[in-house]
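>>> Turn this into a model:
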Amino acid sequence: MLKGNSSSEQNYVLKELELGSDACTGLNSAVVEEILLNLPAEDVVLKCRSVCREWKLLVDSQSHWRERCRREGIEPCNASRTPADWCLFYFMTKKRRNLLKNPRAEDGLNGWIILENGGDRWKIEEVFKPLPNDKNDKCFATSYGLCLKQQVIDLEKEGYSPAFMDQMQPDIRISDWYAPRWDCGCYYEIFVDLLDEEMNPITVFQPEKVFFEQWNDKTWCQMTHVFKNYGPGVRFIRFTHGGQDTQFWAGWYGIRVINSSVEICPAAER
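Residues are numbered from 1 along each chain as shown. I've put the predicted structure just below:
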C-alpha cells in the first residue's frame with residue numbers, strides 16, 4: 001500500500017488512524033510494522049503510538065528504530081558500540097548538524113559577534129594550504145591587535161528542549177581549526193561556555209593559549225573537546241575564539257581560524 005511512500009498515501013493512512021483503534025484491529029503485525037516504517041518518524045511517535053496498545057509496543061520497540069536506521073543508512077560510528085536507545089540515536093542523528101552559523105567565512109563575518117577587533121581588524125583571506133579532506137578556500141585572519149569573535153547558541157531555538165537537555169545530557173562536541181603564518185609569530189585562544197537560562201556558566205572549556213614561533217611550518221591544527229555529564233540546566237552554548245600576531249606587524253599576520261563547529265552528538269558516540 002505504501003510502496004511509493006507518497007505524501008498522499010501517508011496522509012490517507014494518517015487520516016484513517018484518526019478514526020480510532022477499531023480501524024487497526026485484525027491487521028497482521030508485519031503489515032502494521034511495514035506501514036509504520038513507511039510513515040514519517042515524527043508521525044509514528046506523535047500519532048501512531050497512541051492508536052492502540054499493539055501499535056504502541058511496535059513504536060516503542062528497539063527493533064523498529066534499528067530497522068528504520070538500517071533503511072535510511074544511519075549507522076553508529078563504531079560498529080562495536082551499538083546504541084542503547086535506537087530511537088534516541090535515530091532522532092539525534094537526523095537532527096545532528098553544526099549549530100554555528102557561517103563557520104567557513106563564506107558569508108564574510110555575518111553571524112559572528114565581534115568582541116575584539118584590534119590592529120587592522122578581522123579579515124577574510126584565502127587559505128594558504130587546504131585543510132585535511134576539505135576544499136574550503138577562505139579563512140578568518142587576525143591582525144596585530146587582539147581579535148576575538150563569538151556566537152551564542154540558543155539550544156531550545158535549535159530544537160533541543162530544556163527537558164531533553166536536562167534528562168539526556170547528550171555529549172556536546174566542539175571543534176576548531178587554526179594555523180599561523182609561516183613568517184610571523186602569533187597565538188590562538190578559545191573558550192566555550194555551557195550557560196544556564198540566566199546566561200551564567202555551568203561549565204567552561206578554556207585551554208591555555210597556543211603560541212607559534214616565527215618561521216614555523218604553518219600547519220593546520222585542530223582543537224576538539226567533548227562536554228560530558230555536565231548536569232541539568234544547560235540552555236545556551238557560548239563559543240569564542242581568536243588571537244593575534246606577536247610581532248605587531250601591520251596587516252594580517254596573526255592566527256587563522258576556520259571550520260568551527262558545535263554539535264550535539266548521537267548516543268552511540270557517548
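>>> which residues does residue 117 contact?
145, 147 (Cβ atoms under 8 Å, 6 or more residues apart in numbering). Heads up, the C-betas are built off the backbone N, CA and C, glycines and all.
>>> Can you give me the distance of it to residue 105?
16 Å (Cβ to Cβ, to the nearest Å).
>>> same thing with residue 125?
From residue 125 to residue 105 the distance is 9 Å (Cβ to Cβ).
>>> go on, residue 246?
23 Å.
>>> And these two? Which one has more around it.
Higher neighbour count among residue 246 and residue 105: residue 105, with 24 against 19, using other Cβ atoms under 10 Å.
>>> Which pLDDT does the model give the residue lying closest to that one once chain neighbours are set aside?
For residue 105, ignoring the flanking residues on the chain, the nearest one in space by Cβ to Cβ, 6 or more residues apart in numbering is residue 138 at 4.2 Å. Listed pLDDT for residue 138 reads 94.
>>> which residues does residue 138 contact?
With contact set as Cβ under 8 Å, 6+ apart, residue 138 has these partners: 104-106, 124-127, 258.
>>> Dig out what it forms beta bridges with.
Here residue 138 sits in beta bridges with residue 126, going by DSSP bridges.
>>> Name every sheet partner of whatever helix or strand residue 192 lives in and say whether each one runs parallel or antiparallel.
For residue 192, the host element (DSSP states H and E) is strand 186-195. Here strand 186-195 is paired, per DSSP bridges, with strand 201-205 (antiparallel), strand 210-212 (antiparallel), strand 236-245 (antiparallel).
>>> how is the chain carved up into domains?
7-95, 113-269 (automatic domain parsing).
>>> deepest of those domains, which one?
Comparing the domains of the chain by mean neighbour count (mean count of other Cβ atoms under 10 Å), domain 113-269 ranks first with a mean of 17.
>>> what about it, distance to the chain center?
14 Å (Cα atoms, centre = their mean, to the nearest Å).
>>> can you check stretch 95-115 too?
Relative to its parent chain, stretch 95-115 has a centroid offset of 12 Å by Cα atoms, centre = their mean.
>>> List the contacts of it.
Defining contact as Cβ under 8 Å, 6+ apart, one finds that stretch 95-115 is touched by 122, 124, 136, 138-140, 148-153, 158-159, 237, 239-240, 242, 258-266.
>>> mind listing what's buried in it?
Neighbour counts over stretch 95-115 (16 or more other Cβ atoms under 10 Å) mark 99-100, 103-105, 109, 112 as buried.
>>> That stretch spans what distance, first to last residue?
30 Å (Cα to Cα, to the nearest Å).
>>> and if you look at stretch 97-117?
Termini of stretch 97-117 sit 29 Å apart (Cα to Cα).
>>> One more: stretch 136-155?
With Cα to Cα, one end of stretch 136-155 sits 27 Å from the other.
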